[in-house]
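**Q** starting from these lines, generate the structure:
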Amino acid sequence: MEAFARRRRVAKRQRQAEAAATSWHAVAHRPPRPDGSPLPGSQPLTLLLIVADSAGLAFGYITGVLLANAWDREVGHPFAWCMAFVAITVLVFMWRDQYSRRVTLDAVAEVPATASALAIAALVFGTAGLVANRSSRAAIAGIFACGLSVVVVPVMRSVVYAWERRRRCRGAQRNIAILGMGDVALELAERIDANPDLGMRVVLFFDREGPPDGGPLATRDQVRDDDLVPLLKSHSVDQVIVAFTRSGDDEVLDMVRRTDLDVDVAIVPRLFDVTTPKLRVDEVSRIPFVTMPKRTCHGISAVAKRLVDVVVAVVGLVALAPLLGLVALLIRLDSPGPVLFRQRRVGRGGTTFDMLKFRTMCDGAESLVDDLRGLSDVDSILFKMRRDPRVTRVGRHLRRFSIDELPQLWNVLVGQMSVVGPRPPLPSEVAEYPVWFHKRQSVRPGITGLWQVRGRSDLDFDESTRLDLYYVEHWSPWLDVEIALRTVGVVLFGRGAY
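**A** Down below sits the predicted model:
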């Protein structure tokens, strides 16, 4: 063990000596944030979140008191108990790291963590109510309040996040320096530039080795070790992101920590395409390693998912029966042809089935695809046209709000599809898949999915397939809930549908 440590020290000294003999390549990307301008995710956001949460929790508790009173359980001193409930819950939120600085502002994605924190707060508050009041009245009101707050708190946070996103788009952004000049560094910068609401501004690329000749970063400066820190300071860098650099990570981290440069350091993991949001950091004799939990839908999880599918399908078909009948009548009156459109799709395990949709095109529309393929708006295996001449007048409205997908509830009921899942592919698409793409067929396809809430028809084939694989590899009950909640907003606003 001592020999191994000695070799590491020798190798590290050699790397440092080699680094000292070379220079850094640096490329300015965008001008830094003006001096004195506000930073994203700073104290105002935290304070606003606490105020918004407190207001939502107070509303939830007052409503809970009214519900408890309706059960003939009068709650004494409701104002004092309300303040206690808000204080306890906000403290639990702080303990559960609900107010830490965040890049992505997404109240829906936070629902699982919020619900978990509210469950803990309900347990603490209920116990305190029973001990202090020797009665279940305050505890019952607290339970009602927590249930309501699962909905109210995300709504209040959405308002705050909308304000913060607008603030970021107006210039409240952190200056980012990316250590690396390869494809991953460029892709990271491209995604940051395309999403100003992240509150990040890439101002500089730097690395020991320069970018490939002829690339977008071909024009560059060279700086010595002693000049690198002043360069970062001159660009007011707030964070350094290590993105597949060819420099030694330990060398860069040591350099940053030895200086008085007050920056955060983030590292893009080597397997970023397959990492999950729920990573676990373990350690063996002070050597850390990251574990990616296996997330597959099998066993009890698969049974529970199927049970939810059946319940949703039955309730949906019964509750929406009048709407389904009205849509069928409108289709009949609008154009000749059948009410339902049947299309062969590939399901779980590679089996094929007839997927049902309300007909939104003229009868025989599939026979016209070859004539229109040259007019497709996407350059991929898929055929999509924003102004498809085959779409009927009624069909255009059905597509906009995804009403044409409702007959697929029958496919869900008979076990061919799920409410949430990957996009059901055509056999012709599956024939073009690489071998590793077939993993998406390990689960039932869904009426909605990540492809539906991340762009619908605006996505190309590669992007939609990548989202399908992400769903299969990262499945969880909460992911299904999140997708279902997002689907409501996407459908109501008709985004990406044509």
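**Q** now the strands for the stretch 201-350 of the chain?
**A** 221-223, 239-242, 264-267, 280-284, 287-291, 340-346 (DSSP state E, counting those that start in this stretch).
**Q** tabulate these (JSON lines), appending mean neighbour count and distance to Arg166.
**A** Where C-beta positions appear, they are placed from N, C-alpha and C, glycine not excepted. Listed next are those as JSON lines, based on neighbours: other Cβ atoms under 10 Å; distance: least, Cβ to Cβ, whole Å:
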{"stretch": "strand 221-223", "mean neighbour count": "13", "distance to Arg166": "35"}
{"stretch": "strand 239-242", "mean neighbour count": "19", "distance to Arg166": "22"}
{"stretch": "strand 264-267", "mean neighbour count": "14", "distance to Arg166": "24"}
{"stretch": "strand 280-284", "mean neighbour count": "8", "distance to Arg166": "35"}
{"stretch": "strand 287-291", "mean neighbour count": "9", "distance to Arg166": "35"}
{"stretch": "strand 340-346", "mean neighbour count": "17", "distance to Arg166": "41"}
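**Q** can you tell which of these is closest to Val111?
**A** strand 280-284 (21.7 Å; Cβ to Cβ).
**Q** show me what that closest one is packed against.
**A** Other helices and strands packing on strand 280-284, by 3 or more Cβ pairs under 8 Å, 6 or more residues apart in numbering; DSSP states H and E, are strand 287-291.
**Q** and the strand it packs on, average pLDDT?
**A** Regarding strand 287-291, the rounded mean pLDDT is 71.
**Q** what comes up buried for the longest helix belonging to the chain?
**A** Determined from DSSP state H, the single longest helix within the chain is helix 137-169. Across helix 137-169, burial judged by 16 or more other Cβ atoms under 10 Å covers 137-149, 152-154, 156-158, 160-161, 164-165, 167-168.
**Q** how many residues are close by the closest residue to Val453 other than its chain neighbours?
**A** Of all residues not flanking Val453 in the chain, Arg486 sits nearest, at 3.9 Å (Cβ to Cβ, 6 or more residues apart in numbering). Arg486: 18 surrounding residues under other Cβ atoms under 10 Å.
**Q** and if you look at His29?
**A** 19.
**Q** quick one: it and Val203 touch, right?
**A** Yes. Applying Cβ atoms under 8 Å as the test, His29 and Val203 come out as touching, 5.8 Å apart.
**Q** domains in this structure, as residue ranges please.
**A** 23-37+173-268, 43-169, 300-493 (automatic domain parsing).
**Q** can you put those domains in a markdown table and add distance to Val290 and mean pLDDT?
**A** Below are the domains of the chain laid out as a markdown table (distance: least, Cβ to Cβ, whole Å; pLDDT from 0 to 100):
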| stretch | distance to Val290 | mean pLDDT |
| --- | --- | --- |
| domain 23-37+173-268 | 11 | 75 |
| domain 43-169 | 19 | 81 |
| domain 300-493 | 15 | 82 |
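**Q** of all the ones you listed, which lies closest to Ser285?
**A** When the domains of the chain are ranked by proximity to Ser285 (Cβ to Cβ), domain 23-37+173-268 comes first, at 17.6 Å.
**Q** and the helix or strand Ser54 falls within, how far out from the chain middle?
**A** Assessed by DSSP states H and E, Ser54 sits inside helix 43-70. Relative to its chain's centre, helix 43-70 lies at 26 Å (Cα atoms, centre = their mean, to the nearest Å).
**Q** flag every buried residue along it.
**A** 44-45, 48-50, 52-54, 56-65, 67-68.
**Q** with stretch 305-317 instead?
**A** Buried-residue list, stretch 305-317, by 16+ other Cβ under 10 Å: Lys305, Val308, Asp309, Val312, Ala313, Gly316, Leu317.
**Q** about what we covered before: name the element the residue nearest to Val453 belongs to?
**A** Here Arg486 is assigned to helix 477-493, by DSSP H and E.
**Q** now the most centrally placed residue in the chain: how far from Ala177?
**A** For the chain, Ala109 is the residue whose C-alpha lies nearest the centre (Cα atoms, centre = their mean; 6.6 Å). Using Cβ to Cβ, to the nearest Å, we find Ala109 at a distance of 27 Å from Ala177.
**Q** for Gly56, same thing?
**A** Where Ala177 is concerned, Gly56 sits at a distance of 38 Å (Cβ to Cβ).
**Q** now swap in Ser234 and tell me
**A** Applying Cβ to Cβ, the value for Ser234 to Ala177 is 11 Å.
**Q** need the nearest residue in space to Pro154, chain neighbours excluded.
**A** Ala107 is the one closest to Pro154 (Cβ to Cβ, 6+ apart), at 4.2 Å.
**Q** ok, Gly316 next?
**A** Leu409 (4.8 Å).
**Q** looks like the one you found contacts Ala313 (just checking).
**A** Yes. At 4.7 Å, Leu409 counts as touching Ala313 under the criterion of Cβ under 8 Å.
**Q** next, format the buried residues of stretch 305-317 as CSV and append distance to Gln98.
**A** Below are the buried residues of stretch 305-317 laid out as CSV (distance: Cβ to Cβ, whole Å):
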residue, distance to Gln98
Lys305, 28
Val308, 27
Asp309, 32
Val312, 30
Ala313, 35
Gly316, 34
Leu317, 39
